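J.: Attaching a predicted model along with its sequence, questions to come.
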Amino acid sequence: MIFRDIPKFDYQNFRLDIGGMVAHPKQLSIDDIKAMPKTEVEMTLECSGNGSNAGFMNAVYNSRWGGTPLAALLKECGIDPATTEVVFFGEDKKEEILRPGTKRELKVEVPFGRSMSLSESLRPDLLLAYERNGKPIEHRNGAPVRLIVPGWYGIANVKWLTRIECRDRRYMGRYMARDYVTVRGERIGNDVLYMESSVTRMNLKSVVARVTRMPAVDGKVPVKAFGAAWDDGTGISKVDVKIDEGTWRTAKLDSESRSKFGWTFFSIDLGNLSPGKHAIVSRATNVNGRVQPTADDDEIALKKTYWEAYEQWPRSFSLET
């Protein structure tokens, strides 16, 4: 996990610059942004390293973000037809050593930056957000303005947003090309080809969050399990749960209306279990039939980095009469 320093700056002097390959660059204050049409999106936001080990399991939450849609604002600026991607820069900066150990080693101060293709940036649900759950975003969460990208891992939701730049060439900043990069092997015939990709869309995932028990009946313990599933907005079709080496059983999905990008709660009555230690695991399936992989599946087993930790996660619990 890579931690970024929280920058200090004067909100009164805050300005969001939109420039690069646009006909009409803009410089906006927070009041300018708040005066624009407002919309909201409810979504799950997860760190891509969440679940990479037993000590890092809670870096995920569901929130309702409020702000102005990005697409309309970009179009107002007159995007150059040659633009291929859009880069988003935050206020936090850090001194970086480029080409370490070479004769051309460089030491420069660079801002945090992430990029998206132009088409992705023009999605109607991307926001320049200034509210979270109906209240102003806290400074530690990226105030005064944060980019919100529903369905993408937290790293793409740039905090303390200060500049948006349209470009006609690939942005290769630290957090796109060197950090938050997944190295994964793919089997090509008898060979394994390792490839790198920048962390972007959230993968299909589910976890069992809680196991409850009732008083024992005839020496066995009635047990229920509860959890959540989420993905990049494709949609959860079902969640199955398995106890020990038993068969998969389909859980009940929460009947309440669910937002496209928010998590889905599930629950299951596991019946009466014998006292002792048990293992429980869930697996989600999306509307396209994709199933959450196990740790032994190639897409997980051949992954060399801990980003995008979305494999099935067994957990254990003990019962006493």
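T.: On my side now, so go ahead. Numbering: from 1, shown residues only.
J.: Helices of the chain, residue ranges please.
T.: For the chain, the helices defined by DSSP state H occupy 30-34, 70-76, 118-121, 298-301.
J.: Against Lys303, how distant is the residue nearest to Ala129 when sequence neighbours are not counted?
T.: Distance criterion CB to CB, 6 or more residues apart in numbering; nearest residue to Ala129, sequence neighbours excluded, is Gly67 at 3.5 Å. All C-beta spots, glycine's among them, are computed from the backbone N, C-alpha and C. When distance is defined by CB to CB, to the nearest Å, Gly67 is 34 Å away from Lys303.
J.: Counting neighbours, go ahead and name the busier of these two.
T.: Gly67 (25 against 20; other CB atoms under 10 Å).
J.: ok, that one touching Leu16?
T.: No: the pair Gly67 / Leu16 is not scored as a contact, 11.4 Å apart, by CB atoms under 8 Å.
J.: list residues touching both of these two?
T.: Ile33, Leu128, Val145 (CB atoms under 8 Å, 6 or more residues apart in numbering).
J.: Would you confirm that Arg315 contacts Ala209?
T.: No: judged on CB under 8 Å, Arg315 makes no contact with Ala209 at a distance of 9.4 Å.
J.: is it possible to export the helices of the chain to TSV including mean pLDDT, distance to Phe88 and mean neighbour count?
T.: Shown next, in TSV, are these (pLDDT from 0 to 100; distance: least, CB to CB, whole Å; neighbours: other CB atoms under 10 Å):
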stretch	mean pLDDT	distance to Phe88	mean neighbour count
helix 30-34	96	14	15
helix 70-76	98	9	16
helix 118-121	98	9	16
helix 298-301	96	28	14
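J.: could I get those helices as a markdown table with distance to Pro275?
T.: Listed next are those as a markdown table, based on distance: least, CB to CB, whole Å:
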| stretch | distance to Pro275 |
| --- | --- |
| helix 30-34 | 58 |
| helix 70-76 | 55 |
| helix 118-121 | 52 |
| helix 298-301 | 33 |
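J.: what bridges to Glu40?
T.: Under DSSP bridges, the beta-bridge partners of Glu40 are Gly66.
J.: by contact count, what packs against the longest strand along the chain?
T.: Longest strand in the chain, counting residues (DSSP state E): strand 85-98. The contact analysis (3 or more CB pairs under 8 Å, 6 or more residues apart in numbering; DSSP states H and E) places strand 85-98 against strand 106-117, helix 118-121, strand 161-167.
J.: hey, which of those is tucked in deepest?
T.: Greatest average neighbour count among those goes to strand 161-167 (a mean of 21), per mean count of other CB atoms under 10 Å.
J.: Run the angle between that strand and strand 106-117 for me.
T.: 70 degrees (axes from the mean of the first three to the mean of the last three CA atoms, to 10 degrees).
J.: partners of strand 161-167 in the sheet?
T.: Paired strands of strand 161-167, with direction, are strand 16-20 (parallel), strand 85-98 (antiparallel) (DSSP bridges).
J.: Dump these into CSV; add mean neighbour count as well.
T.: Below are the strands paired with strand 161-167 laid out as CSV (neighbours: other CB atoms under 10 Å):
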stretch, mean neighbour count
strand 16-20, 18
strand 85-98, 18
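J.: Show me the residue sitting in the middle of this protein in space.
T.: What sits nearest the mean C-alpha location of the chain, by CA atoms, centre = their mean, is Tyr153, with 1.9 Å.
J.: domain ranges for the protein?
T.: In terms of domains, the chain is parsed into 11-171, 205-319 (source: automatic domain parsing).
J.: Count residues in the vicinity of Leu273, would you?
T.: Neighbours of Leu273 using other CB under 10 Å come to 19.
J.: unless I'm mixing things up, it is touching Ser318, no?
T.: No: applying CB under 8 Å, one finds Leu273 not in contact with Ser318, separated by 10.6 Å.
J.: Out of the helices and strands packed on strand 85-98, which is closest to Cys47?
T.: Closest approach to Cys47 among the helices and strands packed on strand 85-98 (CB to CB): strand 106-117, 14.1 Å.
J.: Could I get the CA-only coordinates of that closest one as PDB?
T.: Only the C-alpha atoms of strand 106-117 are listed here, as PDB (Å, rounded to 0.1, in the frame of the first residue of the first chain):
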ATOM      1  CA  LEU A 106      16.600  13.100 -12.800                       C
ATOM      2  CA  LYS A 107      15.200  14.500  -9.500                       C
ATOM      3  CA  VAL A 108      12.000  16.500 -10.000                       C
ATOM      4  CA  GLU A 109       8.800  17.500  -8.100                       C
ATOM      5  CA  VAL A 110       5.800  16.000  -9.700                       C
ATOM      6  CA  PRO A 111       2.000  16.100  -8.800                       C
ATOM      7  CA  PHE A 112      -0.100  13.100  -8.300                       C
ATOM      8  CA  GLY A 113      -1.700  12.300 -11.600                       C
ATOM      9  CA  ARG A 114      -4.000   9.700 -13.200                       C
ATOM     10  CA  SER A 115      -5.200   9.500 -16.800                       C
ATOM     11  CA  MET A 116      -8.200   8.000 -18.700                       C
ATOM     12  CA  SER A 117      -9.100   7.700 -22.400                       C
END
